[in-house]
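Visitor: next come a sequence and a model predicted from it.
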Amino acid sequence: MGIRYQSPGVLTSRVAPDFDPDKASILAASKATSLLMIEGIDSRGRRSLNFATAFFIAPSLLLTAGHAALEAAGAVRTDLYIFHPGTQQLDWNQVSRRTPSAIRCTVVQNLYMGDRSPSRDIAILSSGSFESAHFLLLSGDRIPVHRNVDVIGYPGEKRNLWLTEKHEGLNNVEESGAAGETLLPTRQLVVTRGVVAYDAEDLTSYTISTCPGLSGACVMFNGKVHGITLVCI
């Protein structure tokens, strides 16, 4: 098991020195982190694949982003799969063929209510009979502003449409996409570091290098996963 360390502006696979004090907790969190695949089948049998990140909070329960766990657009059937937690990297052939160790998941509860309530963009998943040996406990501690936080997960593809919509004024979309791939390689387990800009009772905002695929990843501060206590109903 391995994990690639990155921080904004650092285009290298070496471990940055400022990660060293948190290395043990980051590695522990990575062992509980999985690539989440959302597979949709439409009425003509065509298959669509989307990706996010999920992490275990109990042996067979995971958290992810609520918007990532919705029914696939235009699908008559949507199936969710995770891959074995802590897997360092997955290529396209592996995920499309569901190898190795694809585990079917079901949605226990989805709190997502659209853009009306961004703090409820959370879904709880069950991995069924699969139990992870590693899982993370949530901390309700407030995070002070201007402090570092780490996000651990699996970046997705940096498509040109996403680059142009989310990053106005890019001089060269192709070069920007290549730089983004160097910083956050697709479907490779990484940690990216940023700074808290705002923290309220139920929502934390931070400035960080991110991209599609990292939705649902855990946010760590001082070795703890930051979040709120959830009750399944």
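Guide: Thanks, I have the structure now.

Visitor: centre of the chain to the top helix by length along the chain, how far?
Guide: Ordering each helix of the chain by length in residues (DSSP state H) puts helix 173-183 first. In terms of Cα atoms, centre = their mean, to the nearest Å, the centre of helix 173-183 is found 19 Å from the chain centre.

Visitor: what's the answer for stretch 175-184, then?
Guide: 18 Å.

Visitor: helix or strand next in line after the longest helix of the chain, which one?
Guide: strand 190-199 (DSSP states H and E).

Visitor: go through that following strand and flag the buried ones.
Guide: 190-194, 196, 199 (16 or more other Cβ atoms under 10 Å). Where C-beta positions appear, they are placed from N, C-alpha and C, glycine not excepted.

Visitor: quick one: the helices in this structure?
Guide: Taking DSSP H to define them, one finds helices in the chain at 23-30, 92-96, 160-166, 173-183.

Visitor: okay, buried residues for the first one please.
Guide: So the one you mean is helix 23-30. 25-26, 29-30.

Visitor: which of those residues sits closest to Gln109?
Guide: Distances from Gln109 to the buried residues of helix 23-30, taken as Cβ to Cβ, are shortest for Ala29 (22.6 Å).

Visitor: contacting residues for that closest one?
Guide: Neighbouring residues of Ala29 by Cβ atoms under 8 Å, 6 or more residues apart in numbering: 55, 136, 152, 218, 220, 225.

Visitor: can you select the buried ones from those residues in ChimeraX?
Guide: In ChimeraX, a selection of the buried entries from the contacts of Ala29 looks like this (16+ other Cβ under 10 Å):
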select :55,136,152,218,220,225
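
Visitor: from the contacts of Ala29, which land in strands?
Guide: 55, 152, 218, 220, 225 (DSSP state E).

Visitor: and which of the residues you listed is nearest Phe130?
Guide: Phe55 (14.2 Å).

Visitor: which residue is the nearest non-sequential neighbour of Gln188?
Guide: Nearest residue to Gln188, sequence neighbours excluded (Cβ to Cβ, 6 or more residues apart in numbering): Gln89, at 4.4 Å.

Visitor: quick one on the thing from earlier: report the angle between the longest helix of the chain and strand 190-199.
Guide: 100 degrees (axes from the mean of the first three to the mean of the last three Cα atoms, to 10 degrees).
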